[in-house]
Structure formats: structure tokens, C-alpha cells
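>>> The following comprises the amino acid sequence and a computationally predicted model.
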Amino acid sequence: MSINIIDIAKRANVSKSTVSRVLNGQPHVSKKTRETIFRIIEELDFQPNPYARSIVSGKTKIVGLLIPNLKSPFYIEIMEGIVDEVGRNDYGLLIYKSEDKDEKILKKVFHKGRTDGIIAITPRFHEQSFVDAFKDDQPFVLINHRNTQINTPFVCFNNFKGGYMAAKFLLDLGHRDIACFAGRISSQSTKDRFEGFKKALKEADVNLNESRIRIKGMHFEESISNIIVEWSRENKMPTAIFAYNDLTAFEIIEVLKELGFSVPGDVSVIGFDNTEMSRHFHPPLTTINQSMKKIGESGANMLLSLIQGVTLKKNKITIEPEVIIRGSCDKPS
């Protein structure tokens, strides 16, 4: 038999509104009455209807997440941090793939009354359209965002410093012939990594040969193999390669091994992200850790604070990088 708050109220000899206040953690109910209501709830194995509770409290206890895609380990690990944080706070998560969707479609999915707040993971320059769609509607937090001109709470990673540290690590090992597989320049994060990489080389007075710069969308799409095969054929293999993410680093290492090159004996390879797979790859991948799970947790924590009406002490958070040294890099032979 279905149990509702009217049944609880009758058994406790209190009003329906008193039961509602207890269920929603509101004040002005005596300790004795609370204990009685909770005892009856346990006896009857009562499960509150979340939709009914949302009508009473004005809260859905649901957070909306806009994620570019569900294939990238980078986004999945950020989402894991978000899931953990909202779960710890007894919130649910409504996930929607935002890639190739405009703000009108997104607002239909995450309208006020369906979610209490929105987290948007943004891969490229769509931040302003997301903010314009949601900022006056419900609490909103951006992740993977760096545009300080946009006045909204955000969590980002110091991609520039990460790219700089990757190049500096290779330089400190003694490498001077370093190639770079960069991501699309339309992505602020990968652009920042590339700029940091170039700065480190410039500071070391190492010329970056244009033939060593391979930018996705300009020099390659799925043709990483063709580029490396050409270097091998012309006997122009670099001593080290920086990949803008771990997935690209994995592909580079596989191609090098297929061509008979040793990693790191002949060519050192450093990635970026520190995805879970990087420690299990062969050889284990040296990479830049950007703490994706921490990024997700921080963004979710900011949003939940806003939903609860808490004034943020800090509404712009930058996560700093670190080099994770494993087996894919060594001194040049």
C-alpha cells in the first residue's frame, strides 16, 4: 500500500505541514515531534516523493550538466568528480550532451523548475552564449573556462603553465629537437597549452622548427601515422614529442613502436591530462596532471553553494598542473 505524508501526519497526530517541514529540514518543530515523525517514517518504510517535495520546497534537488561529449576520458573524469560531489549532497544529476547544440535547445532541456542549477563544461568559445542563456534563470558555473571577461563563477586549469612545464621537462632532460602535436586552436585550453610550450622553448633559445608543429585541423585529423612515417622515411625523427592530450600520446607511441622505434630509447613522448589509462599504458606515460576529478568536484561544490544561497568566498578557481614522471621520457640517446 502506498504511504504518503497524510498517513504519517495521522499516525504522529500532527499536521501535514509539520511532516513536510521535518522532511525538508526546516526549523520550528520540536525535537520530540521530529523524533516521533522519523520513527514512524522508519516503521512504515516511507520514501518521500521527490516531485512532491520539490513543489513544497521550491527545489528539485537536481543539477543539470552540459557536457560536450561522453567519449573523451577528460570529460568523463571531470563528470566523475561532479557525480561524487552532488551525490554526497543528496542531489541528482541530469546530463545532456551539448556538442553542436545552441543555447535555445539547451534552455528547453534545463528550464527553471527542472533543475536547481547548471554546470557547463565548455570545450571552445561558447561560454558567453551559455552564460547569456542561464545566468538570470538559475545558478550557473562554467568548467574548463578561462575568459576572465565573462562575469560568472568558473573553474579552470592553468593550461598555459601545463604546456610550459611539459616543454621545460623535455628541455631539462636535454632534448632540443622537440615536436608538438597541438589541438585545435579554436579550443582555448589547447591553444593555451601550445602557447606555454612555445614560451618554454623560446626562453631556452631553442628554435621551434615549423615542420615540428602539427596542429589538429590544419596539419592532421586522423593522419598522425602519416606524419610520423614521413619523419621516419626522411630520417628526421625528433628526439621528443609533446602531445596535447593523452589519447594523442597513446597513438603516437603505438605508431612509433610499429615503425620499430623505442619509447623512450629513441623518442620520448609526454602527454597531457593524466587520464587513468596513462599509468597502465606501455610504457607508462609521462604526462601533465590537471586533476580532472578535482576540477569537477570544485565546480559542483561552487554550484551547490550558490543553490543554497551561500556567498562564494572565491568564484574563480584555477587548478595548477604538475608533471607526472613515468616511463615514456628519458634523456636523448
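Arrived safely.

>>> mind listing the helices for the stretch 1-150 of the chain?
5-12, 16-23, 31-44, 50-57, 73-88, 103-109, 127-134 (DSSP state H, counting those that start in this stretch).

>>> Contacts for the first one next, please.
Applying CB atoms under 8 Å, 6 or more residues apart in numbering, the set of residues contacting helix 5-12 from outside is 15-16, 18-20, 23, 33, 36-37, 40-41, 44, 46, 48, 52. Bear in mind the C-beta positions are built from the backbone N, C-alpha and C, glycine included.

>>> Helix 31-44 and that helix, what's the angle between them?
Interaxial angle, helix 5-12 versus helix 31-44 (axes from the mean of the first three to the mean of the last three CA atoms, to 10 degrees): 120 degrees.

>>> gap between helix 5-12 and the chain center?
The chain centre lies 44 Å from the centre of helix 5-12; the measure is CA atoms, centre = their mean, to the nearest Å.

>>> Also the longest one?
Using CA atoms, centre = their mean, the mean C-alpha position of helix 73-88 is found 8 Å from that of the whole chain.

>>> Buried residues in that helix, which are they?
Residues of helix 73-88 classed as buried by neighbour count (16 or more other CB atoms under 10 Å): 73-79, 81-83, 85-86.

>>> can you redo the helices of the stretch 1-150 of the chain as CSV with distance to R193 and mean pLDDT?
Output for these, formatted as CSV (distance: least, CB to CB, whole Å; pLDDT from 0 to 100):
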stretch, distance to R193, mean pLDDT
helix 5-12, 54, 88
helix 16-23, 48, 82
helix 31-44, 53, 84
helix 50-57, 42, 53
helix 73-88, 12, 90
helix 103-109, 27, 70
helix 127-134, 18, 69
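
>>> Do you have the helices of the stretch 151-300 of the chain handy? List them.
Counting by DSSP H, counting those that start in this stretch, the helices of the stretch 151-300 of the chain are 159-173, 188-203, 224-233, 246-258, 292-307.

>>> how about those in CSV, adding distance to G64 and mean neighbour count?
Shown next, in CSV, are those (distance: least, CB to CB, whole Å; neighbours: other CB atoms under 10 Å):
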stretch, distance to G64, mean neighbour count
helix 159-173, 25, 22
helix 188-203, 22, 20
helix 224-233, 36, 16
helix 246-258, 27, 19
helix 292-307, 10, 23
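
>>> which stretch among those comes nearest V29?
V29 lies closest to helix 292-307 among the helices of the stretch 151-300 of the chain, at 23.2 Å (CB to CB).

>>> So what touches that closest one?
59, 63, 74, 77-86, 89, 91, 116-119, 139-144, 153-157, 273-275, 312, 315, 317, 319.
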